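Q: for reference, the sequence and a predicted model appear below.
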Amino acid sequence: MKQKLLIGVDIGGTTIKMAFINMNGQIREQWYIPTDTSEKGKQISNDIANSIRDHSLQLNIPYDTFAGIGMGAPGFINMKTGFIYNAVNLGWENYPLKDDLELKSGLPVYIDNDANIAALGEMWKGSGNRSDDLICVTLGTGVGGGIISNGMILHGANGMAGEIGHMTAVPQGGAPCNCGKTGCVETIASATGIVRIATEGLSKYPESLLNQTYDINRSLTSKDVFECASKEDQWAVDVVQFVSLHLGLTIANLANALNPSKIVIGGGVSKAGERLLEPLQEVFNQFALPRVRDKAELVIASLGNDAGIIGAAWLVKENIS
C-alpha cells in the first residue's frame with residue numbers, strides 16, 4: 001500500500017507557499033505561486049488546484065496519493081466550515097473557501113488561521129518538539145499567535161483565540177494599532193513597532209549608533225536596533241529593554257493562565273536570536289509564577305517560512321487519522 005501524501009498550503013498577500021509532505025512531516029516537493037488578488041481573490045482557489053495537478057503530473061505522483069489539502073489563510077475564519085468572513089489583503093468577503101477549493105481540487109480541504117498553522121508546524125517538526133501545551137508568538141510586520149492546549153489549537157467561541165498581538169500593553173496613551181485599538185502589544189513588539197519606537201527617540205540620542213545608521217540609510221530596521229544593542233549602544237539597548245518588558249509581561253501572563261511547556265518565538269524579529277531571547281527570558285522569569293516558569297521553555301522558532309506549510313499538512317494528518 002503506497003503511503004499517502006499531505007498537501008500544505010500557506011496563503012500570503014503576495015505569494016502562496018505550497019508543498020507535498022509525507023506522513024512523517026518531511027517535505028517532498030515545495031514551490032511558490034503568486035497570489036492573484038484581482039477580482040476579490042476569486043482566482044486563488046483555481047490557481048491552487050491547477051498548480052497541485054501540474055506538480056503531481058510533473059513528479060509522476062498519482063492524484064489518489066493525496067490525502068487532502070491543509071491550508072492556512074489570513075483573516076476571520078469559521079474553522080469548521082472553512083468559510084472566510086473577511087480577509088482584507090486577499091479581497092475575500094463571505095467566501096466559502098473550503099467548499100470552493102474542494103470542488104476545484106477534488107480533495108478534502110482543512111483550513112485554519114495562518115498563525116495557528118505556524119504554531120502547529122513548530123509543534124510537529126520544529127522547536128515545539130511535539131509539546132501538547134505550547135504558545136507560539138510570531139513577531140513580524142504585526143504580532144501573531146497560536147495557542148495549543150492538550151494537543152489542540154484553541155479557537156475560542158468564534159475563532160479569535162490566540163490574538164496575542166492585540167492584548168493591551170499600554171492602557172493609556174499607547175500608539176494606535178491597525179485593529180482600531182491603542183497600546184496593543186503589536187504596536188511595540190512587531191518589527192514595525194520596534195522601528196517606530198527607535199525612530200521616535202533619535203532626537204534625544206544624537207550620539208547613538210542608531211542615529212548614524214539612520215543618517216546613512218534614511219531609515220531603520222528592527223535588525224539595526226538589535227545589532228546596535230549588541231554593540232552596547234544605549235538607545236538601542238533601551239529600546240530592546242522596553243520591547244522585552246512589554247512582550248515578556250504579556251507572555252508571562254499568558255503562561256500563568258495556560259501553563260505551557262514550550263513558548264516559541266518566531267517571525268522575522270526572532271532572527272535576533274539570543275539578543276531578543278535573553279532580555280525576554282529575564283522579564284518572563286520576573287512575572288511568571290515559579291512553577292509555571294520552571295516548566296516553560298522559551299525557544300526561537302526553527303522552521304522559518306516552512307512552519308505554515310508543515311502545520312497545514314498536520315491539519316490533514318490529524319483529520320484523517
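A: Sure, I can see it.
Q: name all residues that make contact with residue 148.
A: 119-120, 123, 128, 131-136, 154 (Cβ atoms under 8 Å, 6 or more residues apart in numbering). C-beta: built from backbone N, CA, C; applies to glycine.
Q: and with 7 Å instead?
A: Contact partners of residue 148, counting by Cβ atoms under 7 Å, 6 or more residues apart in numbering, are 119, 123, 132-134.
Q: assign a three-state SS to it, would you?
A: Secondary structure, DSSP: H, G, I helix; E, B strand; the rest coil: residue 148 is strand.
Q: possible to save the contacts of residue 148 as TSV with distance to residue 4 and neighbour count?
A: Formatted as TSV, the contacts of residue 148 follow (distance: Cβ to Cβ, whole Å; neighbours: other Cβ atoms under 10 Å):
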residue	distance to residue 4	neighbour count
119	24	33
123	21	27
132	24	14
133	29	19
134	26	27
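Q: restricted to helices, list those.
A: The helices, defined by DSSP state H, take in 119, 123 from the contacts of residue 148.
Q: just give me the closest of the contacts of residue 148 to residue 221.
A: Of all those, residue 221 sits closest to residue 119, with 25.6 Å by Cβ to Cβ.
Q: would CSV of the contacts of residue 148 with pLDDT be doable?
A: Output for the contacts of residue 148, formatted as CSV (pLDDT from 0 to 100):
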residue, pLDDT
119, 96
123, 97
132, 96
133, 98
134, 97
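Q: is it possible to get TSV of the contacts of residue 148 that adds distance to residue 255?
A: Below are these laid out as TSV (distance: Cβ to Cβ, whole Å):
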residue	distance to residue 255
119	15
123	16
132	15
133	10
134	11
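Q: residues near the spatially closest residue to residue 237 that is not a sequence neighbour, how many?
A: Closest residue to residue 237 apart from its sequence neighbours, by Cβ to Cβ, 6 or more residues apart in numbering: residue 229 at 4.9 Å. Residues contacting residue 229 under the criterion other Cβ atoms under 10 Å number 24.
Q: tell me which element residue 229 falls in.
A: Element membership for residue 229, per DSSP states H and E: helix 222-230.
Q: my guess is residue 135 contacts residue 263. True?
A: Yes - using Cβ atoms under 7 Å, residue 135 is in contact with residue 263, at 4.9 Å.
Q: can you pull the residues that touch both of these two?
A: Residues within reach of residue 135 and of residue 263 at once, by Cβ under 7 Å, 6+ apart, are 251, 255.
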